[in-house]
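Participant: Need a 3D model of the sequence below.
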Amino acid sequence: MTSKGKKQKSRREFLKKTALTAAAAGAANLAVSCQGKQPETSTQSKNSGAPETENLPDSANNSAAIPQPENEVSQAIGNDFTKQSAALSPDKIVDSACQFCNSLCRLKVHLKNGRIIEILGEPDDPVQAGGLCVKGPMMAQLVYNRFRLKQPMKRVSGNKGDANAKFAPISWDEALATIAKKFLALRDAKQARGIASKTSGRMPRGTDALISRYFSLLGSPNDTDVGPVCNDAGGNALAKTLGLAQFTNGYGLDGAIGKEDLGSAKYLLFLGTNQAETHPVTFAYLLRQRLQTAAKLVVIDPRLTPTGAQADDWIAPKPHTDMALILGMLHHIIDRNLFDREFVEKWVVGFEELKKHLNDKKYTPEWAAKITGLTAERIRQTAEEYATTKPAAIFCNAGISHQLNAFDTYRLLAFLAAITGNIGISGGGCNFMHNTWPGALNLPQIKGNLPQKEAALPVGPDYFAESILTSKPYQLKAVVTAGNPILASANTKKVQEAFSKLEFYVYTGLFMEEAAYYADIILPVTSGLEMSTVYMRRDDRAIRWQQQVVPPVGESKPDWEIWIDLAHATAKLDTKNPPNYWTDNFPLEWKDYRKLWAEFVANTPGMGGMTVDRMEKRLEPLRWPCPTLDHPGVSTLYLDDPSWYQAAESLNSLHKGKRFLTPSGKVEIYTPDLEQLLTTAGHSALPIFYTHPEVTGKHPTINYETQFVKNPVNPQAVTPKVTLGAVSSGEIHKEYPLMGIIGRPSVVHFAGITQWTYTGKQMNGIRLIQIHPQVAKSLNVNNGDKIVVESPRGAVSGTALIWEGIREDTIFVPNSFGPLQKMSEDLGTPLYESANLLVDDRYYDNLSGQQAYKCFACRVRKA
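Facilitator: Numbers count the residues shown, from 1 in each chain. Next comes the predicted model:
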């Protein structure tokens with residue numbers, strides 16, 4: 001046997017061993033909260049864990065009615081003794097939803113005397129199947145938490161950012177008047193553009209529409225979302241290629257044709273997505289369906305995750321080189337005539353230009369192998385399998401989005417799906433996790449004459465720091481955020497410096513996170529269980545209505561109410577406009593979210609069938625577009641079916657008869673108009689390869705010019721023009737020989753918010769930095785040693801987790817840990833610096849604004 005064969009055998013054995021471990025862990029994880037639907041093999045009776053909507057009858061106390069275990073051990077293990085307890089039987093069950101990921105699980109929240117005593121999953125949702133991951137019950141820990149913010153506060157002493165700064169409680173009237181006064185003063189000084197907002201994925205749907213409305217009345221262009229920190233690039237690429245910016249296919253049954261959609265896939269290609277930890281319940285659905293379809297699962301990721309442990313093949317390219325891999329696959333598929341000729345001829349524009357481009361640039365599998373660190377044989381095999389196994393579905397997440405070539409990489413992935421005929425079919429598609437659904441939620445047209453707005457700053461809240469510190473292209477003076485930019489933004493030291501110098505900052509949130517200490521005004525918001533609303537959304541454009549479970553904590557308010565109240569506070573102080581300029585555009589009745597949602601349904605294309613009444617009656621989420629009450633909601637976008645054409649026309653009458661919602665009505669790989677548009681910012685309709693300058697070796701990379709141009713993907717904003725193709729020097733790796741990537745610590749966490757829960761800190765309160773055994777050996781680092789990771793920007797500490805399942809040239813640093821997370825003090829876990837201290841904010845996708853969190857040059861030493 002060759003050394004290569006031995007290595008492959010070793011890896012197979014390792015994968016098998018790891019998969020078994022992960023499967024056991026996954027079963028234990030789901031068992032925490034799958035009590036609504038127990039497996040038949042459980043010693044518990046089939047229905048004993050099902051949530052009840054009324055108290056058990058007295059006859060249930062008769063021992064004859066209770067299945068008797070064979071022995072005392074099985075009795076102790078197999079029975080849940082809370083179920084027939086007078087104290088623990090719920091007197092009310094409320095249907096809510098989880099806010100911790102885009103699986104959008106229904107929560108059946110059990111109450112006793114108004115207190116949450118248990119949270120279970122929805123057994124009758126065929127995708128959820130009663131399941132919850134560990135995070136579902138943690139929703140209650142956001143309600144019952146001694147660290148919750150309970151009333152508005154203002155800064156009274158201390159420097160911005162100082163953990164010892166003092167804040168004093170104030171009334172909502174005073175807080176909102178202070179904000180309104182500052183915003184109006186800046187507007188009157190002709191500096192409205194210097195006011196900015198950043199929304200968060202934790203906000204109820206449609207809050208951004210209210211913020212945008214307020215900013216339009218104020219005259220500022222800088223109402224931004226969290227997309228550039230999360231997943232905007234995939235949606236941007238899909239919009240330019242297929243017409244809509246959304247995940248193309250759906251989980252579960254397609255109501256239009258009566259067939260499984262993604263569950264019918266025969267090939268699952270995962271790139272940069274660790275769904276076992278980021279989307280555990282929808283991933284569990286895919287695994288259940290895979291048992292029926294025998295679909296092959298291929299996971300492409302520099303490290304072995306719990307997702308990769310479930311895969312048939314784990315492929316580990318060098319970080320930030322997925323673009324080269326896809327180019328090599330495209331070249332091979334076209335070269336070997338493995339593309340879907342009929343689909344290409346009928347539905348694709350620009351195929352011949354793509355073929356010529358790939359040949360002219362010599363983007364062969366051999367070329368890609370040199371860049372990715374994979375073998376050409378492996379690249380060819382993956383290309384052939386994907387092209388010849390139908391239907392084949394692509395899934396991507398932050399592993400692709402957090403690259404500086406994200407937009408172009410996603411475009412190439414869309415090309416891959418299109419030329420193989422995997423677009424517009426059940427079980428296929430480009431299922432790119434995207435932060436925004438369904439785009440804008442529309443309200444009635446604004447009344448009154450609006451001020452002229454200037455161009456917005458370059459997309460991405462990480463550009464806030466640059467604007468504050470350098471005044472380029474102009475200076476921000478006041479910022480409102482939801483979320484924690486001190487942890488979320490790249491190059492933490494620079495962000496801290498910027499926010500310490502920011503003239504006026506308003507923090508809205510649940511806890512005194514790191515960003516709150518930079519604030520002038522702090523506003524407390526409600527958590528998901530404290531409001532009736534549409535909160536999170538499933539990745540496949542699906543939403544649920546969730547009922548309020550408990551009253552708001554303290555004086556906290558939902559985000560939409562805060563912005564309506566702010567508009568009314570502004571009306572009282574605005575000397576240039578009559579009060580109705582604000583009040584007519586923000587009716588107080590919209591504080592009732594049902595009425596606000598009715599406005600969204602009435603004014604947003606494709607939403608006519610998504611009423612509160614309809615959603616309340618459903619056990620599973622409802623997908624957009626859904627134009628009428630009798631429409632099932634679209635599962636497969638671009639499906640050649642009357643239900644899709646009806647939905648497409650509801651979005652825009654100009655789409656009548658179109659399958660793809662591009663100018664040509666087809667998949668647009670290359671058109672002269674698209675080429676002209678993207679060239680203005682330094683890109684092309686046919687992407688060339690480039691990567692991060694801190695990828696090891698010498699590769700084509702990116703240079704940012706000083707010139708600002710209109711962003712062709714986000715036309716409301718400007719962006720620096722770029723030059724692509726100059727080769728990196730590789731000098732940085734003389735001092736920093738490794739590549740670091742940043743990501744989620746484990747399934748226990750969702751952004752920084754779960755770091756404020758007892759379970760989050762108890763289960764995963766230690767930052768475990770994954771490092772390959774050979775690297776650890778060379779540094780004399782043992783498992784469990786305290787280590788320091790250094791980059792040219794700074795250093796962070798953690799504990800070594802020696803892990804064979806990571807590339808030898810790569811380390812993994814978990815994010816979301818922060819230095820002021822008070823729950824650490826209760827549990828005795830360390831306080832950590834932000835992982836984003838290591839990341840260089842200068843490198844980002846100038847089209848989507850995505851930050852390059854997935855590569856930084858680094859080195860490791862013992863603490």
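Participant: Just the helices from the stretch 651-800 of the chain, written as ranges.
Facilitator: All helices of the stretch 651-800 of the chain, identified by DSSP state H, counting those that start in this stretch, fall at 672-679, 758-764, 773-778.
Participant: Buried residues in the shortest one, which are they?
Facilitator: Burial within helix 773-778, assessed by neighbour count using 16 or more other CB atoms under 10 Å, is assigned to 775, 776. No exception for glycine: its C-beta is placed from N, CA and C like everyone else's.
Participant: okay, the helices of the stretch 651-800 of the chain in TSV with distance to residue 651 and mean pLDDT next?
Facilitator: Listed next are the helices of the stretch 651-800 of the chain as TSV, based on distance: least, CB to CB, whole Å; pLDDT from 0 to 100:
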stretch	distance to residue 651	mean pLDDT
helix 672-679	21	98
helix 758-764	40	97
helix 773-778	51	98
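Participant: Quick one: closest of those to residue 803.
Facilitator: Proximity to residue 803 (CB to CB) singles out helix 773-778 among those, at 7.9 Å.
Participant: Grab the nearest non-local neighbour of residue 786.
Facilitator: Among residues not flanking residue 786 along the chain, residue 863 sits closest, at 3.7 Å (CB to CB, 6 or more residues apart in numbering).
Participant: For the one you found, list the residues it contacts.
Facilitator: Counting by CB atoms under 8 Å, 6 or more residues apart in numbering, residue 863 touches 785, 786, 787, 788, 797.
Participant: So it versus residue 795, what's the distance?
Facilitator: Residue 863 sits 10 Å away from residue 795, going by CB to CB, to the nearest Å.
Participant: what residues do these two have in common as contacts?
Facilitator: residue 788.
Participant: Touching, residue 150 and residue 552? I think so.
Facilitator: No - when contacts are counted by CB atoms under 8 Å, residue 150 is not listed as touching residue 552 (9.3 Å).
Participant: Name the spans of the chain whose pLDDT lies under the cut-off.
Facilitator: By pLDDT under 70, the weakly predicted segments of the chain are 1-78, 435-439, 461.
Participant: What about the contacts of residue 863, which one has the most neighbours?
Facilitator: Sorting the contacts of residue 863 by how many neighbours each has (other CB atoms under 10 Å) puts residue 787 first, at 23 neighbours.
Participant: what's across from it in the sheet?
Facilitator: Note on residue 787: beta-bridge partners by DSSP bridges are residue 798, residue 862.
Participant: List the contacts of it.
Facilitator: 769, 771, 781, 797, 798, 799, 800, 860, 861, 862, 863.
Participant: can you rerun that using 10 Å?
Facilitator: The neighbourhood of residue 787, defined by CB atoms under 10 Å, 6 or more residues apart in numbering, consists of 767, 769, 771, 776, 779, 781, 796-801, 811, 860-863.
Participant: Just the buried ones from these?
Facilitator: Buried among the contacts of residue 787 (16+ other CB under 10 Å): 767, 769, 771, 776, 779, 781, 796-798, 800-801, 811, 860.
Participant: and the residues you listed as TSV, adding distance to residue 204?
Facilitator: Below are those laid out as TSV (distance: CB to CB, whole Å):
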residue	distance to residue 204
767	31
769	35
771	40
776	45
779	47
781	45
796	33
797	36
798	35
800	41
801	37
811	37
860	42
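Participant: among these, which are in strands?
Facilitator: 769, 771, 796, 797, 798, 800, 801, 811, 860 (DSSP state E).
Participant: quick check, nearest of these to residue 603?
Facilitator: For those, the minimum distance to residue 603 (CB to CB) is 46.1 Å, reached by residue 796.
Participant: Isn't the closest one up against residue 830?
Facilitator: No - under the criterion of CB atoms under 10 Å, residue 796 makes no contact with residue 830, lying 11.3 Å away.
Participant: still on that earlier bit, more crowded one of residue 150 and residue 552?
Facilitator: Here residue 150 and residue 552 are set side by side on neighbour count (other CB under 10 Å), and the busier one is residue 552, at 19 against 12.
Participant: Please give the element, helix or strand, for the more buried one.
Facilitator: Here residue 552 is covered by no helix or strand, with elements defined by DSSP states H and E.
Participant: How about the contacts made by it?
Facilitator: 143, 150, 524, 525, 526, 527, 529, 530, 531, 558, 561.
Participant: Over to residue 505?
Facilitator: Contacts for residue 505 (CB under 10 Å, 6+ apart) come out as 155, 160, 476, 478-481, 485, 499, 515-516, 518-522.
Participant: Looking at those, which is nearest residue 169?
Facilitator: Nearest to residue 169 among those is residue 522, at 9.7 Å by CB to CB.
Participant: so is residue 248 in a helix, a strand, or just coil?
Facilitator: Recorded secondary structure, residue 248: coil (DSSP: H, G, I helix; E, B strand; the rest coil).
Participant: Now for it, how many residues are close by?
Facilitator: For residue 248, using other CB under 10 Å, the count is 30.
Participant: about what we covered before: please identify the most buried of the helices of the stretch 651-800 of the chain.
Facilitator: Burial of the helices of the stretch 651-800 of the chain is given as mean neighbour count (mean count of other CB atoms under 10 Å); helix 758-764 ranks first at a mean of 19.
Participant: Tell me which other helices or strands that helix touches.
Facilitator: Counting contacts by 3 or more CB pairs under 10 Å, 6 or more residues apart in numbering; DSSP states H and E, helix 758-764 packs against helix 140-143, helix 823-827.
Participant: Tell me the helix or strand right after the shortest one.
Facilitator: Stepping forward along the backbone from helix 140-143, the first helix or strand reached (DSSP H and E) is strand 153-157.
Participant: so of the helices and strands packed on helix 758-764, which one's packed in deepest?
Facilitator: When the helices and strands packed on helix 758-764 are scored by mean count of other CB under 10 Å, the highest mean neighbour count falls to helix 140-143 (a mean of 21).
Participant: which residues sit against that one?
Facilitator: So helix 140-143 is contacted by 99-100, 107, 109, 115-119, 135, 148, 510-511, 526-530, 549-553, 753-754, 756-760, 823 (CB under 10 Å, 6+ apart).
Participant: Just these: which are in strands?
Facilitator: Judged by DSSP E, strands contain the following of those: 107, 109, 115, 116, 117, 118, 119.
Participant: Tell me the one among these nearest to residue 702.
Facilitator: Closest approach to residue 702 among the ones in strands among the contacts of helix 140-143 (CB to CB): residue 107, at 43.6 Å.
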